[in-house]
Each structure stands twice: as C-alpha cells, then as structure tokens.
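Visitor: here are the coordinates; sequence isn't available:
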C-alpha cells in the first residue's frame, strides 16, 4: 500500500503546556488532528471551569489563522473540587472530562488526589452529569515496584471504583501492561482506554539502548516486551473501547537530560505516522481509522469528523530537535526514520 486515506483523527490525551511553549507545539497537533482532549496539569493546574475556558481561549488564539482545531477541555481533580463545580463544567459545554492524578505520580501532579474516597461526592456529581473520569492509573505507594503500579491500581483503586459508580464513564489513560489491556478488552461498555505510540513501539530495553536514554522516559514507564505485544493486540483488535491518545508531553531538552529528568515523550510531531507503522506491522492497517478517528469520538458522544487525511508510505528523517519557547525539545524518534508521512 502506497497511500492510506482515513477520516481526520482526534487525539484524546494531549499536553499542550502554555504561552510561547504551547505556540510551538500546538501546530504539530493541529496539523494532524481535528480535536484533542487537553490535559489540565499546568502550573498552577486547571481546577475550575473558569480556568478551563481561559486556557481554551489562549489555545484558540495561538492557532494559525484559518486552522480548524478544537480543544476539548478538562478539569484537574483535587480534594477541594466541589460537586457544584462539576455542574458548572457540564453547563459550560466546553469541559468534556475530569482528570485524576494520584498525588506525586507524574508532572505537576502535586495537587492530585491522595485518597480516592475523599472525592466520592465529586464522582457522584460526575456520574449524574455524565462527565467522564480520566485516570492516570498508577498507585504511588513506594512499596510497590514501579513496573507493577498500573496492575496494582486496577486491583486496589479501579475495581472498587467501578463497583461503586456503575454509570460513571471511565477512561484508563495510556495503558502500558498486559493486565490493563486484558481488563479493558473484557470490561463493560463504560470503560475505555487510550494508548500511546511509545507504549506500542517501545519496550523497557529502549530506556537503556547504548546508554541511558532520557528521551524514552515517560510515566507509566515502558514495560517488558510481553506487555508491549498485549498493548499492540488491544489497539489493533478493532475493540471500540480503545482509541488514540498520544500523551504527547513536551519538556525542554535540558529538563530531560538532567540529574532528575522529567517524564514525558514528545510524539505530536509525527504521531499519526507512528501509529500507522504499528498497525501496518500488525497486518491490520484497515483498523487504524476506527482506532484513530471513530472510537474516541463515539465514546465521548461527539460527531465523527468529516474531513480526510492521507498518509503516504515513504521514509523521512525526524528532526533532531524542535523549537520550544526559548528552548528546544527532542521529538520521538529524533534523528531517525519515520516510514509513513502525512501528505
């Protein structure tokens, strides 16, 4: 196959940052995707509807003229979030979900939830308002091995949550383990998952290939090959409750290459091309359109996009760095080849 035309996709998990940094990375996502679920872990975080609407305005103003790209906003769940705020968010028509971060789990998660039970009244309001809960699905207990955090989260946190809130729509973000993949594939219709390009393409050996590779460090951390294969099987299966979410998370080069490097991989520059490689390698390229363009929209109750994009089977070189405000970022697969290209 020399070309592939699909409905314009959506990115259901994206970090855009803010200010000049946002302006540089936003164009990469807008070039490929029609809509995106925007993560709220700014500093300070997006904790109210007013915060979210102001952030949305900044995103729209940063877009190139004539660009049709829709930011779908989220709120950052804290133990101070009120049920009343959930009603305001729903009524705004611009807030599409609420994001749960375990306190201390990842970038700017210090304001996250310490105990899930502390936010049960908010989750009840979300269930009533039909506002989905997006989960960074890891425990942060220091006694739990970093490679087991996702599986333990499912057992300790997600299962009790689902038993209590049977109508709450839930997205388990950036799944990275065989246990998570199996849980989603066998789960109810109100439970879905986003899957990133890095968890589809890399296993944990990539962190140490030829030395320590800080630009392959993300959270959840990359897992063993058996887990990568399970994630690929879930993504390419045609299951309507798995969909594209890059979790593209830009950090300045010097913040990645430091004594305490930041977690996050910048994949927005070549995201849809990377996903095409995965589906082609699995022999299931015909399933890419549903995964990238239909499943996420259907789960969120959005109309499917009408525009099309075309990918061409051709090799091209990924830049070694890209501008990022006053700094630079290193994109996923920097200095290497991509094998599909967006026309």
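Guide: Looks like it came in fine. Just so it is clear, the structure is predicted and the values come from calculations on it, not from any experiment.

Visitor: got a list of contacts for stretch 85-96?
Guide: Outside stretch 85-96, the residues within contact range by Cβ atoms under 8 Å, 6 or more residues apart in numbering are 37, 48-49, 52-53, 56, 72-75, 98, 122, 125-126, 129-132, 300. Yep, even glycine has a C-beta here, placed from its N, CA and C like the rest.

Visitor: redo that, cut-off 7 Å
Guide: 37, 48-49, 52-53, 56, 72-75, 122, 125-126, 129, 131, 300 (Cβ atoms under 7 Å, 6 or more residues apart in numbering).

Visitor: next, count neighbours for the residue nearest to residue 130 when sequence neighbours are not counted.
Guide: Leaving out its chain neighbours, the residue that sits closest to residue 130 by Cβ to Cβ, 6 or more residues apart in numbering is residue 169, at 7.0 Å. Neighbour count of residue 169, defined by other Cβ atoms under 10 Å: 20.

Visitor: again with residue 43
Guide: Counted with other Cβ under 10 Å, residues neighbouring residue 43 total 10.

Visitor: any figure for the gap between it and residue 206?
Guide: Computed as Cβ to Cβ, to the nearest Å, the residue 43 to residue 206 distance reads 28 Å.

Visitor: and the strands in the stretch 1-150 of the chain, which stretches?
Guide: For the stretch 1-150 of the chain, applying DSSP state E, counting those that start in this stretch gives strands covering 3-7, 11-14, 35-38, 70-76, 95-100, 133-135.

Visitor: tell me where the model's unsure across the stretch 1-150 of the chain.
Guide: The stretch 1-150 of the chain contains residues with pLDDT under 70 at 104-109.

Visitor: ok, which stretches of it are helices?
Guide: Counting by DSSP state H, counting those that start in this stretch, the stretch 1-150 of the chain has helices at residues 19-32, 49-62, 83-92, 120-129, 149-153.

Visitor: so which of those is the most surrounded?
Guide: Mean neighbours per residue, mean count of other Cβ atoms under 10 Å, is largest over these for helix 149-153, with a mean of 23.

Visitor: what residues does that one touch?
Guide: Contact partners of helix 149-153, identified using Cβ under 7 Å, 6+ apart, comprise 137, 138, 139, 144, 176, 177, 179, 180, 220.

Visitor: which residues touch residue 328?
Guide: 252, 253, 321, 322.

Visitor: coming back round to it: of the contacts of helix 149-153, just say which sits nearest to residue 259.
Guide: Among the contacts of helix 149-153, residue 220 lies closest to residue 259 (Cβ to Cβ), at 21.9 Å.

Visitor: confirm that the closest one sits in a helix.
Guide: No. Going by DSSP: H, G, I helix; E, B strand; the rest coil, the assignment for residue 220 is coil, not a helix.

Visitor: partners of residue 192 in the sheet?
Guide: Note on residue 192: beta-bridge partners residue 171, judged by DSSP bridges.

Visitor: that one reaches residue 240, doesn't it?
Guide: No. With contact defined as Cβ atoms under 7 Å, residue 192 does not reach residue 240; the gap is 8.3 Å.

Visitor: more neighbours: which of those two?
Guide: Taking other Cβ under 10 Å, residue 192 and residue 240 do not tie; residue 192 has more neighbours (27 against 15).

Visitor: distance-wise, check that one relative to residue 29.
Guide: Remark: distance between residue 192 and residue 29 (Cβ to Cβ) = 21 Å.

Visitor: same deal with residue 288?
Guide: Distance, residue 288 to residue 29, using Cβ to Cβ: 18 Å.
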